[in-house]
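Trainee: Sequence and predicted structure below; questions after.
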Amino acid sequence: METLYIEAASIECNEDRREISGKIVPLGTGEVGNTNLGAYTFEAGSIEIGDVSKIRLLSQHDMKKPIGRMIAAETRADGIYATFKLSRSTGGSDALLMAQEGLVSGLSIGAEIISSKPSRDGHTVVSAAKLKEVSLVTEPAFKSAQVLEIAAEEIVPVEETKTESETVVEDTTPVEATPVEAAAVEAARPTITAMAYTKPRLDFSAPKQLEMTIRASLGSDEAREYVRAAADTTDNAGLIPTRQLTTVINGLANNTRSAIDAISTGVLPDAGMSFEIPKITTLPTVAETAEAGTPSNTDQASSFVTVSVKKYAGQQQFSVELFDRSSPLFITELMNNMAAQYAAATDKAVYTAIASGASADATTLTTYPTASELLGFVSRGAASVYTNTQGFARNILMNTSQWANLMTLNDSGRPIYMAAQPSNAAGIVRPDSIRGNVAGLDLFVSANVPTANDTDKDDSILIINPTAYTWYESPTYQLRADVIASGEILVAMYGYGAIATKIGAGAFGVNKT
């Protein structure tokens, strides 16, 4: 069941009894309230309250901030009205103060919706619900109900003295004055005085500073002391905490798999550590035949390409204390990095397989190719791939060093590399695009290149017919095991993949002297 939070704004407070009364929700009026789940109205008699004493009054629907309890509820013609007893805690006193100062003006219910239906007007009509809690809130959803009356219990400040030798100790216990007759109150809206302390609470979190700044502007002497203490940290440098952001810097890994993107992909068979793909090895022949002559007769032959399935896995072992007591960001970033390393390992395996079966360019180069040399390499590679596979070369794959050189090349002043990601005007070279077009071939730049093919080495540039290679892959799996002997946790990520070289000559590699 979803919990619906819906707000009203009829509140009155009693200073002597520390009570807040108000309309918590309209019933049967047709009034629409904008809740956390959308626009809702409540039919008459649609809310079940149950045991009144079990309904707590919260602050802003925060279950960790109870400030009172319901002591009475009454259903009237236009809705449910309730009275709440506020606790004598700091939170309860703060709630009275905030109500008196007009900083909170509404009551909001948390209800479990049991039965509802959509209306023709686009909102939801609730016919049955169970009240779970009521909260004192800042902004009401039902604009028709407003604050009726505010009064708060007066609390006498605590006077404290200390000797020079005494250690400064915070005393947050309020001392109540003897009840004063109502006639002695100066105005119809009695005020509440915040409790006095020997010194401000030294909680310098951002929410606390905002709260105390607001209170100081409203005349609180205690808050003014706090603001002064927060501003003067020359003698209390250790009270300024070092914040840790949730953004994690990671310049070591990403999930890019350019080598895999440059070829075709498929789903790994559901069983076995190897599988076979049929491959035609001999074609039937067709030839010019004389009248009544015997046709050409060559049997078609086939064989099977055996593809091995490989497992790619990594693990981390750490203490249960680290898992339980550290930020959830730790485990999230750990799994993200393991996924990135999985991507790098599989991409490198594919690059290695393509390079190992590629045809070597008969023309050797001594340095990084010039523009004319690169265009010549592309033309020779396109012809070689088409001859050996009867399919076209569509992609060009290279390492980052060759990519850096590529961005400097131009043909009569026009760059031969057109960046495609991010998109830009044709022919413009950009250093933030690892995708593009080179002489009609789609460019893929890989940072996951084996040492044998990095920098300016053999097969550091590959021209590829993507249908000549296929990467078959299973989903990745996560495994967690408890290491009882050491009280540690083992987390592993693994998956299975297979690179099928269907036609080895489907790639053409640069040849370095």
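Mentor: Okay, I see it. Residues are numbered from 1 along each chain as shown.

Trainee: Surely K348 touches N448?
Mentor: Yes - using Cβ atoms under 8 Å, K348 makes contact with N448 at a distance of 4.4 Å. (Glycine included, C-beta is placed from N, CA and C.)

Trainee: of those two, who's got more company?
Mentor: More crowded of K348 and N448, by other Cβ atoms under 10 Å: N448, with 22 against 19.

Trainee: In this protein, where is pLDDT below threshold?
Mentor: Applying pLDDT under 70 to the chain flags the ranges 1-16, 36, 105, 140-207, 230-244, 246, 419-433.

Trainee: tell me the centre residue of it?
Mentor: By Cα atoms, centre = their mean, the chain has its centre lying nearest to T332, at 9.5 Å.

Trainee: phi, psi of that residue?
Mentor: With angles defined as degrees, to the nearest 10, T332 sits at phi -60, psi -50.

Trainee: Also S135?
Mentor: phi -130, psi 150.

Trainee: What residues does it make contact with?
Mentor: Y5, L57, L58, S59, Q60, H61, D62, L107, S108, I109, G110 (Cβ atoms under 8 Å, 6 or more residues apart in numbering).

Trainee: The last one pairs with what?
Mentor: Put plainly, it is G110. Y5, E133 (DSSP bridges).

Trainee: residues in contact with W471?
Mentor: I260, I263, S264, T265, G266, T346, V350, G497, A498, I499, A500.

Trainee: Looking at the contacts of S135, which is nearest Q341?
Mentor: Of all the contacts of S135, D62 has the smallest distance to Q341: 39.9 Å, by Cβ to Cβ.

Trainee: Please look at R17 and L86 and confirm they touch.
Mentor: No - counting by Cβ under 8 Å, R17 stays clear of L86, with 9.1 Å between them.

Trainee: of those two, who's got more company?
Mentor: Using other Cβ under 10 Å as the criterion, R17 and L86 rank with L86 on top: 25 against 14.

Trainee: Bridged to that one, which residues?
Mentor: Bridge pairing for L86 (DSSP bridges) gives the partners G68.

Trainee: residue contacts, it?
Mentor: L86 makes contacts with R18, E19, I20, L57, I67, G68, G92, S93, A95, L96, as judged by Cβ under 8 Å, 6+ apart.

Trainee: and the third one, how many neighbours?
Mentor: Other residues within reach of I20, judged by other Cβ under 10 Å, total 28.

Trainee: now the second one
Mentor: Number of residues near E19 (other Cβ under 10 Å) recorded here: 19.

Trainee: Switch the contacts of S135 over to TSV; also include secondary structure and neighbour count.
Mentor: TSV is the format used below for these (DSSP: H, G, I helix; E, B strand; the rest coil; neighbours: other Cβ atoms under 10 Å):
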residue	secondary structure	neighbour count
Y5	strand	20
L57	strand	25
L58	strand	21
S59	strand	20
Q60	coil	13
H61	coil	18
D62	strand	11
L107	strand	29
S108	strand	28
I109	strand	27
G110	strand	19
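
Trainee: Would you format these as a markdown table with distance to G436 included?
Mentor: Shown next, in a markdown table, are those (distance: Cβ to Cβ, whole Å):
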| residue | distance to G436 |
| --- | --- |
| Y5 | 51 |
| L57 | 62 |
| L58 | 57 |
| S59 | 56 |
| Q60 | 52 |
| H61 | 52 |
| D62 | 52 |
| L107 | 61 |
| S108 | 55 |
| I109 | 58 |
| G110 | 55 |
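
Trainee: Closest to I80 out of those residues?
Mentor: I80 lies nearest to I109 out of these, by Cβ to Cβ, at 8.3 Å.

Trainee: so N388 makes contact with A505?
Mentor: Yes - using Cβ under 8 Å, N388 is in contact with A505, at 3.4 Å.

Trainee: Touching both of the two, which residues are there?
Mentor: Applying Cβ under 8 Å, 6+ apart, one finds that N388 and A505 are jointly contacted by S359.

Trainee: got the domain boundaries for the chain?
Mentor: 1-198, 202-212+221-243, 258-284+298-512 (automatic domain parsing).

Trainee: Tell me which of the ones you listed lies nearest to N250.
Mentor: The nearest among the domains of the chain, by Cβ to Cβ, is domain 258-284+298-512 at 7.1 Å.

Trainee: and K457, how many residues sit next to it?
Mentor: For K457, using other Cβ under 10 Å, the count is 19.

Trainee: helix/strand/coil for it?
Mentor: Secondary structure, DSSP: H, G, I helix; E, B strand; the rest coil: K457 is coil.

Trainee: Grab the nearest non-local neighbour of it.
Mentor: Nearest residue to K457, sequence neighbours excluded (Cβ to Cβ, 6 or more residues apart in numbering): K512, at 5.7 Å.

Trainee: List the residues that contact that neighbour.
Mentor: Contacts for K512 (Cβ under 8 Å, 6+ apart) come out as T364, L365, T366, D456, K457, D458, S460.

Trainee: Could you tell me which residues within stretch 38-54 count as buried?
Mentor: Neighbour counts over stretch 38-54 (16 or more other Cβ atoms under 10 Å) mark Y40, T41, F42, E43, S46, I47, I49 as buried.

Trainee: contacting residues around the fourth one?
Mentor: Just to be clear, that refers to E43. By Cβ under 8 Å, 6+ apart, the residues touching E43 are L27, G28, V125, V126, S127.
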